[in-house]
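# give me the fold of what follows.
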Amino acid sequence: MTIWTSFVVGLKEVWAHKMRSLLTMLGIILGVASLVGMAAIIKGMENGMKETLIAMGGADKIEVEEEDVPPHQEHLADQAPGRTLMDAMALKEAAPLIRYVAPAIRVDNAIISRGGKTVRAWDCYGVTEDALAVNLHTVAHGRFFSDLDEELANPVCVIGTAIRDELFGSPEEVGREIIPIGEVIFINDQPFTIVGMFQHYESEQDRRRRLAEAKHGQVQPAGPQRARGFGRRNWAFERKNRTVYMPLKTAWLRFRASSDPGGIPDPRLSALDVKVADLDELIPALQQARNVLMLTHRGIEDFEFATQENRVDDINQQIRNARMSGGLIAAISLLVGGIGIMNIMLASINERIREIGICKAVGATGFAIFLQVLIESLVVALLGAALGVAVSFGFVHVLSWITPTANEPVITPMALIVAVSFSAAVGILAGLFPAFKAARLHPIQALRYE
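You can find the predicted model right below:
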């Protein structure tokens, strides 16, 4: 008997006992669906995390954070200068391994208003031009600040598309894209002229969906759109769309200095971010920056570096943990399905003892019987795997509507290959014992079996 004939016999046996075979395959179906679904969820999480990482500045961005002084410098804590503009100037001049230096002063609780409409900016900062490169911003319309704007502390700003949509109307509402260059808005009741607008930021997944909808006649503008289902949009892109930038000196004089009219305004920065010239020289660049800051801070180590590389390691660790735990759960489901296959194959052998005896009596070898039973077990497992793959596509389709759009599950070919291969291995293992039992039957005893 050829292997193909054995497959055909296995399919006929499954078809002859449809309900029993379906119940037998149920464990495999659920196992494969859970394995593929788990892999799709984790892949979606990975894509969302990596897109967020890139949106927030990329792997070559370093944040200089304020830190408590070490124990041996506690007596100098009251002299710690914190992050200042002097630090930014020193890094720019004395740290050649640092390409961009972006000092920033935050406008706390920034309320943007115009004509009775108000919106809260997620990031409202006074910055320098390097902030564009450090935070990966692109000015799509108008211009960024000039040196004259910085020198004169001009009340000008560059806004994100979400701010535009809230104050002037979204393209979806008005039927066209509004470019509010030259318009006046109020930031915490102070007038500012819009000189530029950033491009609209969206995930690759949202972009593909928008283009597909436009191709089918469902016109969707490039402005912010509501998330589907119960999910939410990728917060990193939404945050960038709700950004307002103004000159650093403008923020310091209009908001920092005006809040402390009776004393000296706080000279410290709200943030200090840098980008290295070469990611391969990250460690030397960090050491160089540390040396410069130790000089400007007079030896007081009240700062620390937060690198995106650490976040990449955290993301990879989370993905590995999720795959391990999800894979273990799916493997248990498949093993349970394998036990079901073993039970049904043993029951099938008991029903076909006389048939096996006749086959041996007419010349079938023990190995042929062994191979026949093993292939039948494999057929059941592969059919279950095929149904499991079909179920997993429906399962993932449902998940794509109830999860955040940034984390929409993505089915990968590798996940399908692993799931089907593991199912086949389970089917073979589950069929070994029944196959051995069938192969060892004595033809005379099998023919006498009632």
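# element containing residue 375, please.
Using DSSP states H and E, residue 375 sits in helix 366-402.
# what is that helix packed up against?
On a contact count with 3 or more C-beta pairs under 8 Å, 6 or more residues apart in numbering; DSSP states H and E, helix 366-402 meets helix 3-16, helix 18-55, helix 308-351, helix 353-361, helix 413-439. Using the backbone N, CA and C atoms, a C-beta is placed for each residue, glycine as well.
# can you tell me the strand partners of the helix or strand following the second one and which way each runs?
Using DSSP H and E, the next helix or strand after helix 18-55 towards the C-terminus is strand 61-66. Strand 61-66 pairs in its sheet with strand 271-276 (antiparallel), strand 303-307 (antiparallel), by DSSP bridges.
# show me the contacts for residue 239.
Each residue near residue 239 by C-beta atoms under 8 Å, 6 or more residues apart in numbering is listed here: 122, 123.
# didn't residue 129 look like it was pressed against residue 145?
Yes - in this structure, residue 129 is within contact of residue 145 by C-beta atoms under 8 Å, at 6.9 Å.
# the more surrounded of those two?
Higher neighbour count among residue 129 and residue 145: residue 145, with 24 against 16, using other C-beta atoms under 10 Å.
# quick check: chain neighbours aside, which residue is closest to the more buried one?
Setting aside the residues directly before and after it, residue 145 is nearest to residue 247 in space (C-beta to C-beta, 6 or more residues apart in numbering), at 4.9 Å.
# surely the one you found and residue 149 touch.
Yes - under the contact definition of C-beta under 8 Å, residue 247 touches residue 149, with a separation of 5.0 Å.
# joint contacts of those two?
Residues touching both residue 247 and residue 149 (C-beta under 8 Å, 6+ apart) are residue 156.
# who has more neighbours, these two?
Taking neighbours as other C-beta under 10 Å, residue 247 and residue 149 compare with residue 247 leading, 28 against 19.
# which residues touch that one?
126, 127, 128, 145, 149, 150, 153, 154, 156 are the contacts of residue 247 under C-beta under 8 Å, 6+ apart.
# in a markdown table, list these along with secondary structure and distance to residue 383.
Converted to a markdown table, the contacts of residue 247 look like this (DSSP: H, G, I helix; E, B strand; the rest coil; distance: C-beta to C-beta, whole Å):
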| residue | secondary structure | distance to residue 383 |
| --- | --- | --- |
| 126 | strand | 65 |
| 127 | strand | 61 |
| 128 | coil | 64 |
| 145 | coil | 66 |
| 149 | helix | 70 |
| 150 | helix | 70 |
| 153 | coil | 73 |
| 154 | coil | 72 |
| 156 | strand | 68 |
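# which one of the residues you listed sits closest to residue 345?
residue 127 (69.5 Å; C-beta to C-beta).
# share the number of residues neighbouring that closest one, please.
If you count neighbours by other C-beta under 10 Å, residue 127 ends up with 28.
# that one contacts residue 250, correct?
No - if you go by C-beta under 8 Å, residue 127 and residue 250 don't touch, sitting 10.1 Å apart.
# thinking again about what came up before, so which bits of the helix holding residue 375 are buried?
369-389, 391-392, 395-396, 399-400 (16 or more other C-beta atoms under 10 Å).
# for the closest residue to residue 386 other than its chain neighbours, give its distance to residue 324.
Computed as C-beta to C-beta, 6+ apart, the closest residue to residue 386 that is not its neighbour in sequence is residue 420, at 7.9 Å. Applying C-beta to C-beta, to the nearest Å, one obtains 20 Å for the distance of residue 420 from residue 324.
# quick one, which of the two is more surrounded?
A count of neighbours by other C-beta under 10 Å puts residue 420 above the other of residue 420 and residue 324, at 19 against 10.
# what sits against that one?
Residue 420 makes contact with 32, 382, 385, 386, 389, according to C-beta under 8 Å, 6+ apart.
# from residue 416, how far out is the third one?
Read that as residue 385. Residue 385 is 9 Å from residue 416, by C-beta to C-beta.
# then the fourth one?
Residue 386 is 10 Å from residue 416, where distance means C-beta to C-beta.
# what's the answer for the second one, then?
Distance of residue 382 to residue 416, given as C-beta to C-beta: 13 Å.
# buried deepest among the helices and strands packed on helix 366-402, which one?
With neighbours taken as mean count of other C-beta atoms under 10 Å, the helices and strands packed on helix 366-402 reach their highest mean count in helix 18-55, at a mean of 21.
# compute the inter-axis angle for that one and helix 413-439.
150 degrees (axes from the mean of the first three to the mean of the last three C-alpha atoms, to 10 degrees).
# now helix 18-55: mean pLDDT?
Average pLDDT, helix 18-55: 80.
# relative to the whole chain's centre, how far out is that helix?
Centroid separation between helix 18-55 and its chain, computed with C-alpha atoms, centre = their mean, to the nearest Å, is 16 Å.
# list just the nearest of the contacts of residue 247 to residue 211.
Nearest to residue 211 among the contacts of residue 247 is residue 127, at 32.0 Å by C-beta to C-beta.
# beta partners for the closest one?
Under the criterion used (DSSP bridges), residue 127 bridges to residue 104, residue 247.
# could you check how far it is from residue 394?
Counting by C-beta to C-beta, the gap between residue 127 and residue 394 amounts to 48 Å.
# these two touch, right, residue 282 and residue 288?
No - counting by C-beta under 8 Å, residue 282 does not reach residue 288; the two are 10.7 Å apart.
# which other residues reach stretch 384-393?
Against stretch 384-393 from outside (C-beta under 8 Å, 6+ apart): 24-33, 35-37, 40, 337, 411, 416, 419-420, 423-424, 427.
# how about 6 Å then?
25, 28, 29, 32, 33, 36, 37, 420, 423 (C-beta atoms under 6 Å, 6 or more residues apart in numbering).
# convert stretch 32-49 to PDB, retaining C-alpha atoms only.
C-alpha atoms of stretch 32-49 as PDB (Å, rounded to 0.1, in the frame of the first residue of the first chain):
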ATOM      1  CA  VAL A  32      -3.700  25.700  16.300                       C
ATOM      2  CA  ALA A  33      -6.100  28.700  16.500                       C
ATOM      3  CA  SER A  34      -4.700  29.700  19.900                       C
ATOM      4  CA  LEU A  35      -1.100  29.400  18.700                       C
ATOM      5  CA  VAL A  36      -1.600  31.400  15.500                       C
ATOM      6  CA  GLY A  37      -3.800  33.900  17.300                       C
ATOM      7  CA  MET A  38      -1.200  34.300  20.100                       C
ATOM      8  CA  ALA A  39       1.600  34.800  17.500                       C
ATOM      9  CA  ALA A  40      -0.500  37.400  15.600                       C
ATOM     10  CA  ILE A  41      -1.200  39.300  18.800                       C
ATOM     11  CA  ILE A  42       2.400  39.400  19.800                       C
ATOM     12  CA  LYS A  43       3.500  40.400  16.300                       C
ATOM     13  CA  GLY A  44       1.000  43.300  16.400                       C
ATOM     14  CA  MET A  45       2.300  44.300  19.800                       C
ATOM     15  CA  GLU A  46       5.900  44.200  18.400                       C
ATOM     16  CA  ASN A  47       5.000  46.300  15.400                       C
ATOM     17  CA  GLY A  48       3.200  48.900  17.600                       C
ATOM     18  CA  MET A  49       6.000  49.100  20.100                       C
END
